[in-house]
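[1] This is a predicted model, with the sequence first.
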Amino acid sequence: MQRINWMVELKQLALLFTAALVLGWITGYLLLALLLAALLYIASTFRQLLRVQRWLMAEDGSDAPESSGLWGDMLDGIYRLQRQNREERQRLQGAVDYLRDSLAALSDAAVMIDQTGDIEWCNLAARRLLGLRYPEDVGQQLVNLIRSPEFIHYYEANSYQTPLDCASPHQPEKQLQFQLTFFGQGSRLLFARDITHTYRLQEMRKDFVGNVSHELRTPLTVVNGYLETFVDSELAEQPRYKRAFQQMLEQVRRMESLIKDLIVLTRLETVPDEGEHGVVAVCPLLRQIREEVLAVFNQQREIVLDCDASLGLRGEGEALRSAFTNLIMNAAKYTGEQGKIQVRWFRDGEQARLQVEDNGLGIEAHHIPRLTERFYRVDQSRSTQTGGTGLGLAIVKHVLLRHHGELQITSSLDEGSTFACSFPLSQCQITST
Ligand code: ADP
């Protein structure tokens, strides 16, 4: 830092007052001469102040006014600071422009929203995909411009771990994926991506699976009918055909249950939830499922039922039956003849839980996150023996999704497994007994 030049200033002051002293002594008006010198000094200081003030107010980046001594040093210092400040501002502005340019060039819509929910900025794609206008919409509440109820629900939930897929509010034929993120102090960044192509492919896949399953059902029923007739005939009693007929019948039945599960799954995925549902009496439903499962396994399992009869569940009866049957059937399938299964339906704090616990084969921890994937099996041979389709838990997952429920799986190998479905109490009806 440059040192301020006090000496020059003091010398100038000393020169002025020496001249005043000499003049006063010659004229005999010493005091008046000194007063005039002081006034002169104050006037020149005031003039400098005015020049500095004018220069600072102008803010036009012009050079500091020419000055000498103390004033010159001060003005140089201020000028240097101003220049540094300007350079720093330009650097920051450059970084902001660079970021905005890259966001502006994105093919995804990007919108910056401040703490109060007002739009601060949006890129070109946001104008195209969301119908926003820039800069006209700056300062407008985002939820007043994107009025889709699904989006407003997602926006107001303030928890954005998973993105939201829904139709574009601006072009309903387009399907968008919205992702919100918090940044800074409560500001939000919204990205919206056009996923119409992937969405259509998924729809085609669902339609295809649904159509194929339906088309296969009729020929299979015919084949099954003939096979059942043959199995009962004398021909099937002949040793060389007996095993072949049995195997054919088994495989046809396996295919039938596969198709049945595929149809259920496609329906769960494609038919929208109708909204209002009646209350399903869970206890009688579980008792019925228990009887059916015991009948399939020739009473070779112990199934204990512990059920809170005052707790009903609002939802689709057939879908819930299918999910609960899959869980109890699995527990029976993957335990031996000594299998002991405990089924509980109870209130657990702010949730209602259906818990199916068995003392069967158990599952290694690394399989657990993948169990609800279609056709995922822990052990291929295990499922083939039990006649499983690999779709049971995928059905359970979809049914729970439609009922705002969640599936939790805990298991230890050779000790047993617990499959628990939790539903929010808002989904239940509690009757006093
Ligand atoms: P599957 O028709 O093969 O039973 P699921 O989707 O119902 O298909 O189950 C997926 C896999 O999870 C099964 O193949 C099985 O390996 C495992 N599994 C499911 N339930 C149990 C259970 N109670 N005990 C042990 N393993 C289980």
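    Nice, I can see it. Numbering: from 1, shown residues only.
[2] list the contacts for Leu132?
    Counting by CB atoms under 8 Å, 6 or more residues apart in numbering, Leu132 makes contact with Ala109, Val111, Ile119, Cys122, Ala126, Leu145. C-betas here are computed from N, CA, C, even on glycine.
[3] So which helix or strand of this structure has the lowest pLDDT on average?
    helix 380-386 (a mean of 63; mean pLDDT, DSSP states H and E).
[4] Now the element after that one, going C-ward?
    Per DSSP states H and E, the first helix or strand lying C-terminal to helix 380-386 is helix 392-402.
[5] what about that next one, near the ligand?
    Yes. Against the ligand, helix 392-402 shows contacts by CB under 6 Å from any ligand atom at Gly392, Leu393, Ala394.
[6] Heading C-terminal from that helix, find the next helix or strand.
    Counting by DSSP H and E, what follows helix 392-402 is strand 406-412.
[7] Buried ones in that following strand, by neighbour count?
    Using 16 or more other CB atoms under 10 Å as the test for burial, strand 406-412 gives Leu407, Ile409, Ser411.
[8] Buried by neighbour count: which residues of the following helix or strand past that strand qualify?
    Using DSSP H and E, the helix or strand that follows strand 406-412 towards the C-terminus is strand 416-424. For strand 416-424, burial by neighbour count (16+ other CB under 10 Å) applies to Gly416, Ser417, Thr418, Phe419, Ala420, Cys421, Ser422, Phe423.
[9] thinking again about what came up before, next, format the contacts of Leu132 as JSON lines and append neighbour count and pLDDT.
    Listed next are the contacts of Leu132 as JSON lines, based on neighbours: other CB atoms under 10 Å; pLDDT from 0 to 100:
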{"residue": "Ala109", "neighbour count": "25", "pLDDT": "93"}
{"residue": "Val111", "neighbour count": "25", "pLDDT": "94"}
{"residue": "Ile119", "neighbour count": "24", "pLDDT": "95"}
{"residue": "Cys122", "neighbour count": "25", "pLDDT": "92"}
{"residue": "Ala126", "neighbour count": "28", "pLDDT": "92"}
{"residue": "Leu145", "neighbour count": "17", "pLDDT": "93"}
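[10] Who are the contact partners of the nearest residue to Phe375 once chain neighbours are set aside?
    Leaving aside its chain neighbours, Phe375 sits nearest to Gly390 (4.0 Å; criterion: CB to CB, 6 or more residues apart in numbering). With contact set as CB under 8 Å, 6+ apart, Gly390 has these partners: Arg374, Phe375, Tyr376, Arg377, Ser383.
[11] Highest neighbour count among the residues you listed?
    Ser383 (18 neighbours; other CB atoms under 10 Å).
[12] Near the ligand, which residues of this structure are found?
    When proximity is defined as CB under 6 Å from any ligand atom, the chain approaches the ligand at 326, 330-331, 334, 358, 360-361, 363, 371, 376-379, 382-383, 388-394, 417.
[13] just the buried members of the residues you listed?
    With burial judged by 16+ other CB under 10 Å, the buried subset of the residues of the chain next to the ligand is 326, 330-331, 334, 358, 360-361, 363, 371, 377-378, 383, 388-394, 417.
[14] what sits against Arg86?
    Counting by CB under 8 Å, 6+ apart, Arg86 has contacts Gly61.
[15] which residue ranges form the helices in the stretch 151-300 of the chain?
    196-231, 239-270, 282-296 (DSSP state H, counting those that start in this stretch).
[16] Take those helices and write them to a markdown table, including mean neighbour count and mean pLDDT.
    What follows is those, written out as a markdown table (neighbours: other CB under 10 Å; pLDDT from 0 to 100):
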| stretch | mean neighbour count | mean pLDDT |
| --- | --- | --- |
| helix 196-231 | 13 | 90 |
| helix 239-270 | 15 | 88 |
| helix 282-296 | 16 | 96 |
